[in-house]
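Undergrad: Sequence first, then the predicted structure:
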Amino acid sequence: MVLGLIPARFASTRLPGKPLVDLGGRSMIRRVVEQARQANLARVVVATDDARIQQHVQEFGGEAVLTRPDHPSGTDRLWEAFQQLGSPADVHCIVNIQGDEPFIHPGQINALADLFADAATAPDIATLVKPVLTDEELFSPHLPKVVLNQLGHAMYFSRHPLPYQRGRVPEEWLAHHRYLRHLGLYAYKPTVLEQLTRLPVSPLESAESLEQLRWLEAGFRIQCAETELEAFGIDTPEDAERAKERLRNEK
């Protein structure tokens, strides 16, 4: 069984109450839940730190659990939620679906879940990558890049473009190498998720402010699946307005 968990915090420095922001007549968290329900998931549950979000999700027919407010990361919140659900023994894969991506495509979720279909070959952790198409993407520190080995396992994540191309000006890099961006959708074996919550902050994680580096430093294998579909995370009021504009254009 594949379980979809959606961490959703009420507090946000740039957009307070973000999960409840109205996007074209439906809240952001409702849109995420409805997209996730179209994927091959046995169950979709919101893990929130706020009773208002829990009540809202339950009112539109969703499932939500109330977690502690002091979790340092979404990963820790997911583990508490899984425990609250009774740690179902038949769950072989947990998909961490970002609560601020109302346009998440079911196919992206399925691409990760499919990697866990065979227990003998299932990775510890899986995540999504996407080809970098523009110099703006390549050099933005807000869009982490990833380097893979020949088996599709992540070797390193960085906010800086990797590899560095010696002897070429940065404007030529995209023409000579296929760069990949990391999208923040994860899937884990339940036993691995538990182990991740016990890891201390690592030096590389501190340097780049990327939690997945903690996992690599600890020796976990991160399998990457590629998608051509764009991610649309909402962090600011401006992002929310762009989302509303997209919804208007889709009508």
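TA: Structure received. Numbering: from 1, shown residues only.

Undergrad: Could you use CA atoms for every contact and neighbour count after this?
TA: OK.

Undergrad: where in this protein is pLDDT low?
TA: 251 (pLDDT under 70).

Undergrad: Does anything pack onto whichever strand in it runs longest? Which helices or strands?
TA: Across the chain, the longest stretch assigned as strand under DSSP state E is strand 180-188. Counting contacts by 3 or more C-alpha pairs under 8 Å, 6 or more residues apart in numbering; DSSP states H and E, strand 180-188 packs against strand 93-96, helix 106-113, strand 125-131, strand 145-148.

Undergrad: what helices or strands is the last one leaning on?
TA: Okay, so that is strand 145-148. Other helices and strands packing on strand 145-148, by 3+ C-alpha pairs under 8 Å, 6+ apart, are strand 154-158, strand 180-188.

Undergrad: Provide the strand pairings for the strand or helix carrying G4, with the direction of each partner.
TA: For G4, the host element (DSSP states H and E) is strand 2-8. With DSSP bridges as the test, strand 2-8 is paired with strand 43-48 (parallel), strand 93-96 (parallel).

Undergrad: Can you tell me what sits against it?
TA: Applying C-alpha atoms under 8 Å, 6 or more residues apart in numbering, the set of residues contacting strand 2-8 from outside is 19, 29, 33, 36, 40-49, 53, 74, 77-78, 91-100, 113.

Undergrad: What subset of those is buried?
TA: Among the contacts of strand 2-8, the ones that count as buried by 16 or more other C-alpha atoms under 10 Å are 19, 29, 33, 36, 40-41, 44-49, 53, 74, 77-78, 92-100, 113.

Undergrad: Spatially nearest residue to R221 (excluding sequence neighbours)?
TA: Distances taken as C-alpha to C-alpha, 6 or more residues apart in numbering place D124 nearest to R221, at 5.7 Å, with adjacent residues excluded.

Undergrad: That neighbour: neighbour count?
TA: 18 (other C-alpha atoms under 10 Å).

Undergrad: The one 4 residues further on too?
TA: The tally of other residues near L128 (other C-alpha under 10 Å) stands at 21.

Undergrad: May I ask you to confirm that it is in contact with L180?
TA: No - assessed by C-alpha atoms under 8 Å, L128 is found out of contact with L180, at 9.8 Å.

Undergrad: Which parts of the protein are helices?
TA: 28-36, 51-59, 74-84, 106-113, 135-139, 173-176, 190-196, 203-208, 212-217, 237-250 (DSSP state H).

Undergrad: Switch those over to a markdown table; also include distance to Q150.
TA: Output for the helices of the chain, formatted as a markdown table (distance: least, C-alpha to C-alpha, whole Å):
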| stretch | distance to Q150 |
| --- | --- |
| helix 28-36 | 30 |
| helix 51-59 | 42 |
| helix 74-84 | 28 |
| helix 106-113 | 18 |
| helix 135-139 | 21 |
| helix 173-176 | 18 |
| helix 190-196 | 23 |
| helix 203-208 | 23 |
| helix 212-217 | 17 |
| helix 237-250 | 36 |
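
Undergrad: Deepest in the core, which of those helices is it.
TA: Neighbour counts (mean count of other C-alpha atoms under 10 Å) averaged over each of those peak at helix 28-36, with a mean of 23.

Undergrad: In PDB, list the C-alpha atoms belonging to it.
TA: Output of helix 28-36 as PDB, limited to C-alpha atoms (Å, rounded to 0.1, in the frame of the first residue of the first chain):
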ATOM      1  CA  MET A  28      -4.600  25.600  -1.600                       C
ATOM      2  CA  ILE A  29      -4.600  22.500   0.700                       C
ATOM      3  CA  ARG A  30      -7.800  21.200  -0.900                       C
ATOM      4  CA  ARG A  31      -6.300  21.500  -4.300                       C
ATOM      5  CA  VAL A  32      -3.300  19.600  -3.200                       C
ATOM      6  CA  VAL A  33      -5.400  16.800  -1.700                       C
ATOM      7  CA  GLU A  34      -7.600  16.600  -4.800                       C
ATOM      8  CA  GLN A  35      -4.600  16.300  -7.100                       C
ATOM      9  CA  ALA A  36      -3.100  13.600  -4.800                       C
END
